[in-house]
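Asker: I would like the atomic coordinates for the input below:
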Amino acid sequence: MRAIVLDAAPAGIRSGDVDFTEFATAAAPRLRRTAYLMTRDWHLAQDLTQITLAKMYASWSRVRRASSLEAYSRRVLMNVIFDQRKRRSDLVVADLPERGAENQASPELHIALLGAFATLPVRDQAIVVLRHWEDRSVESVAEILGVSASVVKMQSMRALARLRALLGEEFPLA
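Answerer: A predicted model of the protein is given here:
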């Protein structure tokens, strides 16, 4: 059996489109997860992910050679989320999605944590999600959000202190 190797993209498809499709396929789940953590709404997270990918596609010829497409895509997503929050005065908090057996924490724990998280300002939410959920370095978060590392450290410390105050010292941390 012979392997068939395609050297060029099919007729009518630019090579940049293939690159973008590969990038979007790999990045979409990560972007959607981050958007969900910021909005707590799967449908809105999907919309924000699509807007992010559309913005990146519009400037793909310029950004495809960026040193870190992952960081760039997170930055675009955060800007889209911040813009969406400015335009929207009310926040709709959706029910938590159904989770499989891998979810060991109780539903009450999730509800309490997401309720406390929703009280944080949007930039603090972004810092907590990027820094502690996605385990990004302080420098990476600072680059994504366009702030200094000291701002990330200070806002992270304050946000976590506020969460601890809201949840109480007896809150189980898993």
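Asker: contacts for the strand or helix carrying residue 37, please.
Answerer: Using DSSP states H and E, residue 37 sits within helix 15-39. Residues from elsewhere that reach helix 15-39 (CB atoms under 8 Å, 6 or more residues apart in numbering): 8-9, 42, 44-46, 48-49, 52-53, 56-57, 60-61, 64, 69-70, 73-74, 77, 81, 84, 122, 125-126, 129-130, 133-134. To be clear about C-beta, it is placed using only N, CA and C from the backbone, and glycine gets the same treatment.
Asker: and for the closest residue to residue 76 other than its chain neighbours, the neighbour number?
Answerer: Leaving out its chain neighbours, the residue that sits closest to residue 76 by CB to CB, 6 or more residues apart in numbering is residue 52, at 5.0 Å. For residue 52, the count of nearby residues is 26 (other CB atoms under 10 Å).
Asker: residue 52 contacts residue 80, doesn't it?
Answerer: Yes. With contact defined as CB atoms under 8 Å, residue 52 reaches residue 80; the gap is 5.2 Å.
Asker: before we move on, back to that, and the helix holding residue 37, what's its mean pLDDT?
Answerer: Predicted confidence along helix 15-39 averages 88 (mean pLDDT).
Asker: list the buried residues for it?
Answerer: Residues 19-20, 23-24, 27-28, 31-32, 34-39 are the ones in helix 15-39 that count as buried (16 or more other CB atoms under 10 Å).
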